[in-house]
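Engineer: Pasting the sequence and the predicted model now:
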Amino acid sequence: SWFISIMIDTVETFVNRWEEGKPINMTWQASLLTFDIICKILFGQDLHEKLEKCTYINPNTKEVEKIEMHDSLEKLSIDCSFASLWPLNVIFPWLVEYDIGEFNKINTKNSDDVVRVIKNFLETADDWDSVYFKVLEAEKGLDKTQVFKDVMSFMFGGHETNSWTLTSILLYLKWYPEWE
């Protein structure tokens with residue numbers, strides 16, 4: 001499959017950035033690596049050259065910053081987890097659904113900006129081998145918005161799972177080198 005060459009090239013790029021003898025946070029590196037691979041496969045290999053930074057609003061301090069997509073998704077994941085445990089959101093889940101409350105409104109703004117950035121990228125993307133464009137090409141009758149939502153689901157669903165799997169594999173290989 002053409003995915004394998006994307007994976008190998010991406011891993012080689014990551015490994016070449018690491019400096020021998022210097023410690024690295026393998027969990028973070030695995031997270032970045034899997035995010036990079038998944039996004040390249042889903043949206044195109046030119047993603048990082050054309051992807052603008054996301055606007056992230058800190059729900060606690062209201063501080064606004066421009067950050068990389070991966071960092072924005074990481075923070076948004078934490079913020080949404082925190083919001084899901086907020087007592088009023090637990091008792092009244094419709095507060096989240098209807099963006100009632102400042103924290104929920106900010107999470108929605110942050111989420112909407114991630115979607116905006118990816119949609120803007122797709123307007124200029126030209127990697128017709130990406131999953132997004134392959135699905136649109138193969139299934140002419142599908143709604144572009146629905147395909148986008150489905151591909152975004154793959155991105156969110158695949159990122160954490162693959163990241164933790166990769167980290168676990170590397171940890172076990174470290175503990176049991178004879179498995180290599």
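Structural biologist: Looks like it came in fine. Just so it is clear, the structure is predicted and the values come from calculations on it, not from any experiment.
Engineer: which one's the longest helix in the protein?
Structural biologist: Secondary structure assigned by DSSP state H gives helix 144-175 as the longest helix of the chain.
Engineer: what distance separates that one from the centre of its chain?
Structural biologist: Distance of helix 144-175 from its chain centroid, counting by C-alpha atoms, centre = their mean, to the nearest Å, is 8 Å.
Engineer: ok, now stretch 41-54?
Structural biologist: Centre-to-centre, stretch 41-54 and its host chain are 11 Å apart (C-alpha atoms, centre = their mean).
Engineer: Can you report how many residues lie near the residue nearest to V131 when sequence neighbours are not counted?
Structural biologist: Nearest in space to V131, with sequence neighbours left out and distances taken as C-beta to C-beta, 6 or more residues apart in numbering, is L42 at 4.8 Å. In this view, the C-beta of every residue, glycine as well, is placed from N, C-alpha and C. As a burial measure, the neighbour count of L42 was computed by other C-beta atoms under 10 Å and equals 21.
Engineer: Then V147?
Structural biologist: Other residues near V147 come to 16 when the count uses other C-beta under 10 Å.
Engineer: Excluding chain neighbours, what is closest to it?
Structural biologist: Taking C-beta to C-beta, 6+ apart as the measure, V147 lies nearest to V135, with 5.2 Å between them; neighbours along the chain are not counted.
Engineer: how big is the angle separating the particular helix or strand that has that neighbour in it from helix 144-175?
Structural biologist: Following DSSP states H and E, one finds V135 within helix 131-138. Taking axes from the mean of the first three to the mean of the last three C-alpha atoms, to 10 degrees, one finds helix 131-138 and helix 144-175 inclined to each other by 140 degrees.
Engineer: All the helices of this protein, residue numbers only.
Structural biologist: Chain-ordered helices for the chain, with DSSP H as the definition, fall at 2-17, 26-43, 47-50, 69-85, 87-91, 94-97, 102-124, 131-138, 144-175.
Engineer: which of the residues in the fourth one are buried?
Structural biologist: By neighbour count with 16 or more other C-beta atoms under 10 Å, helix 69-85 contains the buried residues M69, H70, S72, L73, E74, K75, L76, D79, C80, A83.
Engineer: Cheers, nothing more for now.
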